[in-house]
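In: Just a sequence and a predicted model for now, questions to come.
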Amino acid sequence: MPPRPVCRILLVAAIVVMGCLSALPLRSPTPAAAMSTKPALLTEPFLQLPTDSSVHVVWFTEFAGSQHIVNYGLDLAHTVTATTTPLSRTREDQDSQRSVTYNHVTARPIWRHEAEVTGLQPNHRVSYRVTSTREDGTTVSSEVYTLTAKPTPGQPLKILLTSDHQVKPMVAANLQKVVETVGSVDLVLFAGDLVNVADRASEWFDDRCGGSFFPALQGRACYELEKNGVKTRYQGGAIIQNAPIYTAIGNHEVMGRFSTRDALNEQFYNTAPRDVAEGNYQSETNYIADEFGRPPTLNPTGDPTIRAAWIKDHSFNTNTYEEIFSLPTSTTGGKTYYAVSFGDLRLVVLHITNVWRTPSLAADSKGKYREREADLNHPDRFGWGQHLFERIDPGSDQYHWLEQELKSPAFQQAKYKVVMFHHPPHSLGENSVPAYTDPRHFATTTAGKITAIRYEYPRQDDYIIRDVVPLLEKAGVQLVFYGHSHLWNRFVSPSGMHFLETSNVGNSYGAYVGDLKRNVPTGYKEDYAATGDPNGLEPIVPSIAPLLDVNHQPMPYIASNDITAFSIFDTGRGTVSSYRFDTRDPRSPVIEFDEFKLTP
């Protein structure tokens, strides 16, 4: 079937015109930083935690202010006051994305404002606007947007499926095309990796290129993408001002060992498993007591809160991510894994992600499969392989919670059952190898000195494939949605459960098929798949307009740094439709290239 340009007129004409004009080539381009006008609010408002009669409105400023309010309803006549809290770990450093130079790690004060708008009716939109008052009495307001309560079952919805933005080049173009193509969406599902380094404030709010997380999702971006010598400015899409967003934790939402001095990139990569930090805590307290003959000063009273904070600061944390978003919670996972109903959808969000390590086997690599030679006798410098952040195997809190959720009436009675997490169960990408399991540690010693450390990942112990997927199959899950490998591909299990990875949003790292081989070790105990889906499913060729390879054969994936893709779940039709846009030609159409149906 030939490609089908999408030409639906779904937006108010003026919005369409403005969107199209912003995507025209710039004949006399001006740098994005110079073109953008920084709003007085650090972000426009966005929507969180909808209920049957309310929704939370959240926004950020760089001043504490004296009052922050939401006006809503007819003529914006109703008012609710927001609660203000400072973010505790937003910082900048030498690699800041702002147009400001930082010579060292610098705290960046940012305030979060949240108000609950109540008395709403499902499926009925009302206008709203936020206003912040500075300490000097001056005020600044957002534009006017619309909000509503959680939709009722049976209400047709358009849900954006996206992931892995990470301030990458094509994100603003992608989100602008979402709005130009399908109009307003009702919900955003984000399968992790929102930014690159979670504690770096500019990646969330105001990077110098104009493509950070909030501007891109709020139509406030100013990203200039250069292709074939032509620069095109994209503004992103005004999406989360009018639609709530549910997110999953990806590896980039996780920060490592906290420091006031180390560069933020180093803090991001410098993670350690919790049990390693627990052992270090015990060694630290014992050492102080033994050496100086007095009670440990690290935690003299044995306060469990202090102990937990120390271990978290010396292993990994999601502090900034959890401070930015208001999300549903579970009793054992808090915001990190949860379930929620939205219209005909029951969404289950899992915390399935691990630290990313390089696949390189070079001597200086702190990698998936080895430690650096220079670190072999310094365990405090170990990377501990591609270790997990949250357990999901039988016996773990998360697995038990998932079992109970899948038995709940809310899940079983839902028309559509969707599970979202970050790490791919099936993928052609680099990040689908090795198996999702605890790395096995093997040390080689000679004359009492460690001469090599390698990590193995038995495929038969993959927690996603061995433990999670069978639970989901048995429970009748129709769609598993994930990201991580920065490509588009989809799979179907023998039972008919769909797997969709639609993360070729901002860039791609390739699909490993044919002659393109993953960088995997040879001579190790385990066998690591160099090509294809390591877990045995064949990718599905797009049903409408697949891209063609050099031999003019249809390709079952999109892995491109020129073509960006997004997917829309239409609950009214029960379809998941995927679209692509070629950024090399800003005047090219958006093409629907794949569609499949979820059977209730």
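Out: Arrived safely.

In: what's near enough to touch the closest residue to residue 193 other than its chain neighbours?
Out: In space, and not counting its chain neighbours, residue 193 is closest to residue 250: 3.6 Å by CB to CB, 6 or more residues apart in numbering. All C-beta spots, glycine's among them, are computed from the backbone N, C-alpha and C. Neighbouring residues of residue 250 by CB atoms under 8 Å, 6 or more residues apart in numbering: 163, 164, 191, 192, 193, 194, 353, 422, 483, 484.

In: Can you redo the residues you listed as JSON lines, where the extra columns are neighbour count?
Out: Output for the contacts of residue 250, formatted as JSON lines (neighbours: other CB atoms under 10 Å):
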{"residue": "163", "neighbour count": "28"}
{"residue": "164", "neighbour count": "27"}
{"residue": "191", "neighbour count": "30"}
{"residue": "192", "neighbour count": "28"}
{"residue": "193", "neighbour count": "26"}
{"residue": "194", "neighbour count": "29"}
{"residue": "353", "neighbour count": "27"}
{"residue": "422", "neighbour count": "28"}
{"residue": "483", "neighbour count": "32"}
{"residue": "484", "neighbour count": "29"}
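
In: Got the confidence number for the residue nearest to residue 193?
Out: At residue 250, the model reports a pLDDT of 98.

In: begin at 355 from here
Out: Noted, 355 is the first residue going forward, which turns the last one into residue 604.

In: mind checking how far it is from residue 710?
Out: Residue 604 sits at a distance of 9 Å from residue 710 (criterion: CB to CB, to the nearest Å).

In: what does residue 693 give?
Out: 27 Å.

In: So for the two, which residue has more residues nearby?
Out: Here residue 693 and residue 710 are compared on neighbour count by other CB atoms under 10 Å; more neighbours surround residue 693, at 22 against 19.

In: Count the residues that sit near residue 456.
Out: Once other CB under 10 Å is used to define contacts, residue 456 is seen to have 15 neighbours.

In: if I look at it, how far off is residue 396?
Out: As judged by CB to CB, residue 456 and residue 396 stand 18 Å apart.

In: Contacts only, for the closest residue in space to residue 712 that isn't next to it in sequence.
Out: Nearest non-adjacent residue to residue 712, counting by CB to CB, 6+ apart: residue 721, 4.7 Å away. With contact set as CB under 8 Å, 6+ apart, residue 721 has these partners: 711, 712, 713, 714, 715, 737, 739.

In: Let me know whether the second one touches residue 719 as I believe.
Out: Yes. Here residue 712 lies in contact with residue 719, judged by CB atoms under 8 Å, at a distance of 5.4 Å.

In: Identify the residue nearest the residue nearest the centre of the chain in space, chain neighbours excluded?
Out: Taking CA atoms, centre = their mean as the criterion, residue 546 is the residue nearest the geometric centre of the chain, at 2.0 Å. With sequence-adjacent residues excluded and distances taken as CB to CB, 6+ apart, residue 546 is closest to residue 604, at 2.5 Å.

In: now do residue 623
Out: Going by CB to CB, 6+ apart, residue 623 has residue 610 as its nearest residue, at 6.2 Å.

In: What distance do you get for the one you found to residue 730?
Out: Look at residue 610 and residue 730: by CB to CB, they are 20 Å apart.

In: which intervals of this protein have sub-threshold pLDDT?
Out: Across the chain, the ranges flagged by pLDDT under 70 are 355-393, 640-650.

In: what are the ranges of the helices in it?
Out: Shown for the chain, the helices assigned by DSSP state H span residues 367-376, 386-389, 525-536, 555-559, 567-571, 618-623, 628-646, 658-667, 673-678, 751-761, 763-766, 817, 823-829.

In: Any idea which of the ones you listed gets closest to residue 919?
Out: Between residue 919 and those, the tightest spacing by CB to CB is seen for helix 525-536, at 7.7 Å.

In: What helices and strands are in contact with that closest one?
Out: helix 367-376, strand 512-516, helix 567-571, strand 577-581, strand 584-588, strand 917-924, strand 929-936 (3 or more CB pairs under 8 Å, 6 or more residues apart in numbering; DSSP states H and E).

In: Residue 661 - how many residues pack around it?
Out: Neighbour count of residue 661, defined by other CB under 10 Å: 16.

In: so who does the spatially closest residue to it that is not a sequence neighbour touch?
Out: Computed as CB to CB, 6+ apart, the closest residue to residue 661 that is not its neighbour in sequence is residue 653, at 5.7 Å. The contact partners of residue 653, taken as CB under 8 Å, 6+ apart, are 639, 660, 661, 664.

In: Make TSV from the residues you listed and add distance to residue 436 to it.
Out: Listed next are the contacts of residue 653 as TSV, based on distance: CB to CB, whole Å:
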residue	distance to residue 436
639	42
660	31
661	34
664	33
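
In: Between which two of the residues you listed is the distance greatest?
Out: With distances taken as CB to CB, the most widely separated pair in the contacts of residue 653 is 639 and 660, at 10.8 Å.

In: which one of these two has more residues nearby?
Out: Of the pair residue 639 and residue 660, residue 639 is the one with more neighbours under other CB under 10 Å, namely 19 against 13.

In: The more buried one is in contact with residue 654, isn't it?
Out: No. Residue 639 sits out of contact with residue 654 when judged by CB under 8 Å, with a separation of 9.6 Å.

In: and the nearest residue to residue 842 once chain neighbours are set aside, how far is that from residue 631?
Out: Of all residues not flanking residue 842 in the chain, residue 912 sits nearest, at 4.1 Å (CB to CB, 6+ apart). In this view, residue 912 and residue 631 are 40 Å apart by CB to CB.

In: what's the neighbour count on residue 725?
Out: 24.

In: Was I right to think it contacts residue 733?
Out: No. Using CB under 8 Å, residue 725 is not in contact with residue 733, being 9.3 Å away.

In: what's the spacing between residue 860 and residue 417?
Out: For residue 860, the distance to residue 417 equals 31 Å [CB to CB].

In: what sits against residue 596?
Out: By CB under 8 Å, 6+ apart, the contact list for residue 596 reads 401, 499, 500, 501, 538.

In: These in strands, which ones?
Out: Secondary-structure check on these using DSSP state E: residues within strands are 401, 499, 500, 501.

In: Tabulate those (TSV), appending distance to residue 789 and neighbour count.
Out: Converted to TSV, the ones in strands among the contacts of residue 596 look like this (distance: CB to CB, whole Å; neighbours: other CB atoms under 10 Å):
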residue	distance to residue 789	neighbour count
401	38	24
499	44	22
500	46	15
501	43	23
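
In: Residue 517 versus residue 854, what's the distance?
Out: Residue 854 sits 10 Å away from residue 517, going by CB to CB.

In: Mind listing the shared neighbours of those two?
Out: residue 836.

In: all strands of the stretch 705-854 of the chain, in order?
Out: Listed in chain order, the strands of the stretch 705-854 of the chain (DSSP state E, counting those that start in this stretch) span residues 770-774, 794-800, 803-810, 833-836, 842-846, 852-856.

In: Would you mind pulling up the elements that the fourth one packs against?
Out: Counting contacts by 3+ CB pairs under 8 Å, 6+ apart, strand 833-836 is packed against strand 770-774, strand 852-856.

In: Quick check: which of those is buried the most?
Out: Of all these, strand 852-856 carries the top mean neighbour count, a mean of 26, counting by mean count of other CB atoms under 10 Å.

In: ok now it, how far from the chain's centre?
Out: Averaged C-alpha coordinates place strand 852-856 at 15 Å from its chain's average position (CA atoms, centre = their mean, to the nearest Å).

In: Ok, stretch 451-471 next?
Out: Worked out by CA atoms, centre = their mean, stretch 451-471 lies 19 Å from the chain centre.

In: and the closest residue to residue 760 other than its chain neighbours, how far is that from residue 755?
Out: Of all residues not flanking residue 760 in the chain, residue 829 sits nearest, at 4.0 Å (CB to CB, 6+ apart). Relative to residue 755, residue 829 is positioned 14 Å away (CB to CB).
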